Structure formats: C-alpha cells, structure tokens
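Enquirer: Task: produce atomic coordinates for the following.
(4 chains)
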Protein chains: 2
Amino acid sequence: MPTVSSEELATAAGVNSAKLRKDFSYLGSYGTRGVGYDVEYLVYQISRELGLTQDWPVVIVGIGNLGAALANYGGFASRGFRVAALIDADPAMAGKPVAGLPVRHTDELEAIISDNGVSIGVIATPAGAAQQVCDRLVAAGVTSILNFAPTVLSVPEGVDVRKVDLSIELQILAFHEQRKAGEDSASAAATASAARSGAGGVRSSASRKGPDGDVPAVMPA
Amino acid sequence: MPTVSSEELATAAGVNSAKLRKDFSYLGSYGTRGVGYDVEYLVYQISRELGLTQDWPVVIVGIGNLGAALANYGGFASRGFRVAALIDADPAMAGKPVAGLPVRHTDELEAIISDNGVSIGVIATPAGAAQQVCDRLVAAGVTSILNFAPTVLSVPEGVDVRKVDLSIELQILAFHEQRKAGEDSASAAATASAARSGAGGVRSSASRKGPDGDVPAVMPA
DNA sequence: CCATCTTTGTGCACGCGTTCACAAAGGCAT
DNA sequence: ATGCCTTTGTGAACGCGTGCACAAAGATGG
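Expert: Residues are numbered from 1 along each chain as shown, chains lettered A, B, ... in the order given. Presented below is the predicted three-dimensional model:
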C-alpha cells in the first residue's frame, strides 16, 4: 500500500507539516501513526470533500476569444466539471461548433439551464452584457457565477459571485518588479500589507452591502 | 477640492475604516484631519505606489484563444501595461494581425525582449511548450512571468512566477455550491480552512525549494 | 481669537491562525 | 510477546493582523 507522510507532503507543497496534519484532521483521521497516509484513500477523501467526485454541469455564456479558450480548457473535465452548453448572443455563432459543442443562442438560455440542472454559470461576455446575462442566469436557477467581465455584478442574496480580473495578477507582478528596482523605505513598509491584499482571492458576495470593489474604489479605471 | 473620508471609502469597499486609514498611513500622511483625503492626490499616490504610473511593456507568448483574449483585453492599458508584442510558434500566424498587432514568430523572441526592454512576460501556450518558452524568456532578460499554462514552471532565483489556473475559481464555487446542499459536520468544520486556502492567491516563487503546488500535491490531475 | 466639530493617525488589546512540542498509537524487528 | 522506532493527532504558546478607541490636528463658525 503506497503511503505518504505529512512531512513529505509538506515539503513538496512548501508548507508546515503540522498545519497540513491539522488540516487533514478536519476531514477525519485518515492517517496511520508510524506509517503515514494511504495515498489512494487520501486522494479520494480530499476529492470528495472538495466536490471533485461530483458532476457539475456548467454553461459558458459569451463565446468570444475568452469563452472559446475556456471551452477548450482541459482542466475543467478533470476537476469534475462538464460543459453543458456554450451560449452566445450572436445569431451567426449559433450552431457553429466550438470545442466539439455547438454554440446555442441566448434565447435558449433558460431552457438549457433547467434541462441540464445547471447551477453554475460562467460569464465571458463584454462588460455591457454581463449584468443582463447574470440576471437571466439567476432567474433560471443558477446560484453560482464566475464572472470574467470587468464589471461588478449585483445579485440577490444566496447567489455566489466570483470575479476574475485577468490584469490583477499582472499588476501584482509589476508591483514586485517595481520593488526589485528602486527601493525606498516607504515602499518597503507598504509591501507587507499591499502584497497581501493583492494576493487575496478576488471575490464578491451578495452579503456585502455596497458596490463591492476588489480593488480600492479610488483606483483609476 | 474634492475630498473623501476614510469612512466613505471603507463603506464603499466593504472594509473597516481604521484598517483603511492604517493601510494609507504606510504610504505617508496624505490626509487632512477634519476633512479627509484629497481624491486626486490620493489616487496619484496609490497609483504611483502600485506602479500604475509606470509604463510596463509586456509580451504575450502563445496566441491561441486565450492569448488573443488577453491581447484584446482592455484592462491592461488602463493599468499601465503596454503589449509590446504577440509571439507565436506557428509560422502561419506570423504577420497576422491580432488586436491591432502583427503576430511575431518565436524566432524573434529574444530580439523583441531586448529591443523593448521587456521585463514581464505572459505565457498562454499549451502546457508542453510552457517551460521551454519560460526558459527563453528568462534567458532574454524577463524577470516576471504570468503563467496561464497548466504547468508548474521552474525558474532561477530572482525570477517571479505567478500561475493562473482558470479552473480554481470554478472549483471554489463548486465547493460552496456543494455545501449549500447537504451539510454535515465534517464539511462545516473543514470549510474555514479549505475556503481560505482556495481563496488565497495562486503563486509560486523561486525561493520555494520543492515543486511548489498551489493545490495540494495529492490533488488528482 | 477661541470654541467646537470633524476626521485623521495610531497605541493597545483582542482574536485567530500557525507553529511547536509531545503523548498516544501503530508497525516492525528481535 | 516485548520493546523500539516512526508518525500521527492535538493541546498550548506564539505571532500577527484587525478593530477599537482616543488624542492630536486642522477646519469652521461665532
């Protein structure tokens, strides 16, 4: 039986072994003292806890370059996601195959959602269409939305929205790049806080009251 | 002079006003007691500290769907980034305009980097080509890399790599979605820790010793 | 010029996550 | 069967970030 110790895993992941053991302990006691963790069993338990063993049908709305890139992205299937449909507002796109799936028109959105029991939607439309698409997805029964459009979406209570800003990571790199060059005390002092904020997950939630910015509201557009 | 108080900003951003003031204080004392912060001046100071006032030439390597999406992404220019060149290995792509720029062949990579003083590179190639492209970028003088390919890149000390996994955000949504349905005590206990890890920034650094996974090493591929 | 009001900047305390350190547990060799 | 060795699981301490609360500072009105 292939096993692995918390120390090996911790070294490989670059974290503390005690933290790793404590995290695992929240899932139950799957380890064997003096031996370690049964790899296969551990993988299964973590996968199950994370929902990787479940089948998650998702729809991608907005089949531009980004939407097509997402449709072709192989990482989804292995993580338990199944692209149920690709949806676009352009009638010229309808029926055209992308990543092996025919693009469906926006008119069919509600039917697709309910027919496939979709609860997760991906928005890859231009900013202008995002809110409208979001509203329709929510009305059709979607309760989790991944938003690639550069807009803050407002959703009713109980709906989760995560916003992905492709330029934020680049901005973090530039910030560090800047510090590699000229260092002054002010920059150094600010780093800890700023870097942390930057590295934090980008998320928004209906529970927040105001227009929730992932970057400070004072940031120039 | 238009001003804004820490309280207003905090409410808009959904954070604590004391934290916001403390963060600003690391950049210096730019506020006026009894009045607030001069909006224009504050914006400038933050922009400068974050490197937004600087011009960052970047190259995008791998002009597939994702590369094209990035090239067309408007958010870069407004954040101080300038796409210096689009590079692809396919000779058939060479010269073809994407987002107003002619695609250049990989052979020109080194020349483009040095001619434009590029220090930040974006990799949007298939996984198989990523490490090779990375090595050439680094050799040519790039010191910060944004990696969209599903591979962990190894780089020499001093080079920053940030990895963007488009499926991670989706996975976090699915995790919460799963918890909306059936709740058991184990899931609830694990949530705090797991959600935090999931929300954390995806990053890797040359300072880490081993093959650094942003997801646990035991995660199924 | 003084009083009052507003808002900043920050010392301090609380809470939480991380890490240390060790007892308990299980395997394995003799 | 017994003792030793390895590794887990976790109680406790440490460190750090966040939030509270207030003194200092500046504006504003009388």
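
Enquirer: Which residue is the nearest non-sequential neighbour of A:Gly141?
Expert: A:Ile113 (5.6 Å; CB to CB, 6 or more residues apart in numbering or on different chains). Just so you know, the C-beta spots here come from the backbone N, C-alpha and C atoms, and that holds for glycine as well.

Enquirer: residues touching the one you found, list them.
Expert: Contact analysis of A:Ile113 by CB atoms under 8 Å, 6 or more residues apart in numbering or on different chains lists A:Val59, A:Gly121, A:Leu137, A:Ala140, A:Gly141, A:Val142.

Enquirer: What residues sit buried inside whichever helix or strand it is part of?
Expert: Assigned by DSSP states H and E, A:Ile113 belongs to helix A:109-116. Within helix A:109-116, the residues that count as buried by 16 or more other CB atoms under 10 Å in any protein chain shown are A:Leu109, A:Ile112, A:Ile113.

Enquirer: Next one: the last one from A:Gln131, what distance?
Expert: Pointing back at A:Ile113 there. Applying CB to CB, to the nearest Å, the value for A:Ile113 to A:Gln131 is 17 Å.

Enquirer: Same question for the first one.
Expert: Relative to A:Gln131, A:Leu109 is positioned 14 Å away (CB to CB).

Enquirer: if we can go back for a sec, next secondary structure after the helix holding A:Ile113?
Expert: That would be, after helix A:109-116 and using DSSP H and E, strand A:120-123.

Enquirer: What residues does chain A have near DNA strand D?
Expert: A:5-7, A:17-18, A:21-22, A:24-25, A:29-37, A:192-193, A:196 (CB under 7 Å from any atom of the strand).

Enquirer: tell me the domain boundaries of chain A?
Expert: A:3-50, A:56-162, A:167-199 (automatic domain parsing).

Enquirer: quick check: mean pLDDT across the shortest one?
Expert: Pointing back at domain A:167-199 there. For domain A:167-199, mean pLDDT rounds to 62.

Enquirer: Now do the buried residues in the top strand by length along chain A.
Expert: Assignment by DSSP state E gives strand A:81-88 as the longest strand of chain A. Within strand A:81-88, the residues that qualify as buried are A:Phe81, A:Val83, A:Ala84, A:Ala85, A:Leu86, A:Ile87, A:Asp88, counting by 16+ other CB under 10 Å.

Enquirer: any idea of the pLDDT on the first one?
Expert: Okay, so that is A:Phe81. In this prediction, A:Phe81 has a pLDDT value of 95.

Enquirer: quick one, what contacts it?
Expert: Contacts of A:Phe81 by CB under 8 Å, 6+ apart are A:Trp56, A:Pro57, A:Val58, A:Ile120, B:Ser167, B:Leu170, B:Ala174.

Enquirer: Tell me which residue of chain A is furthest from the middle?
Expert: A:Gly34 (37.3 Å; CA atoms, centre = their mean).

Enquirer: Test for you: state the pLDDT assigned to that residue.
Expert: 95.

Enquirer: Check A:Thr53 too.
Expert: So A:Thr53 comes in at 88 (pLDDT).

Enquirer: if we can go back for a sec, which SSE is immediately downstream of the longest strand of chain A?
Expert: strand A:97-98.

Enquirer: buried sites along the following helix or strand past that next one?
Expert: Once strand A:97-98 ends, the next helix or strand along the chain (criterion: DSSP H and E) is strand A:101-105. Residues of strand A:101-105 classed as buried by neighbour count (16+ other CB under 10 Å): A:Val103, A:Arg104.

Enquirer: before we move on, back to that, ranking the domains of chain A by burial, who's on top?
Expert: domain A:56-162 (a mean of 19; mean count of other CB atoms under 10 Å in any protein chain shown).

Enquirer: now, which of the contacts of A:Phe81 lie within helices?
Expert: Judged by DSSP state H, these include B:Ser167, B:Leu170, B:Ala174 as members of helices.

Enquirer: In this structure A:Leu101 contacts A:Ala71, no?
Expert: Yes. Applying CB atoms under 8 Å, one finds A:Leu101 in contact with A:Ala71, separated by 6.8 Å.

Enquirer: Quick check: neighbours shared by the two?
Expert: A:Val83, A:Leu86.

Enquirer: which intervals of chain A have sub-threshold pLDDT?
Expert: A:182-221 (pLDDT under 70).

Enquirer: What lies in contact with stretch A:92-102?
Expert: A:Ile63, A:Gly67, A:Ala68, A:Ala71, A:Asn72, A:Val83, A:Ala85, A:Leu86, A:Asp88, A:Val103, A:Arg104, A:His105.

Enquirer: end to end, how far does that stretch reach?
Expert: One end of stretch A:92-102 to the other measures 12 Å (CA to CA, to the nearest Å).

Enquirer: what does stretch A:49-66 give?
Expert: Note: stretch A:49-66 ends 30 Å apart using CA to CA.

Enquirer: Is it positioned near chain B?
Expert: Yes. Shown here: stretch A:49-66 in contact with chain B (CB under 8 Å from any CB of the partner chain) through A:Glu49, A:Leu50, A:Gly51, A:Leu52, A:Gln54, A:Trp56, A:Val58, A:Gly64, A:Asn65, A:Leu66.

Enquirer: Could you dump those residues into TSV and include secondary structure and distance to DNA strand C?
Expert: Formatted as TSV, the residues of stretch A:49-66 next to chain B follow (DSSP: H, G, I helix; E, B strand; the rest coil; distance: CB to the nearest atom of the strand, whole Å):
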residue	secondary structure	distance to DNA strand C
A:Glu49	helix	17
A:Leu50	helix	17
A:Gly51	coil	21
A:Leu52	coil	22
A:Gln54	coil	26
A:Trp56	strand	27
A:Val58	strand	29
A:Gly64	coil	37
A:Asn65	helix	36
A:Leu66	helix	32
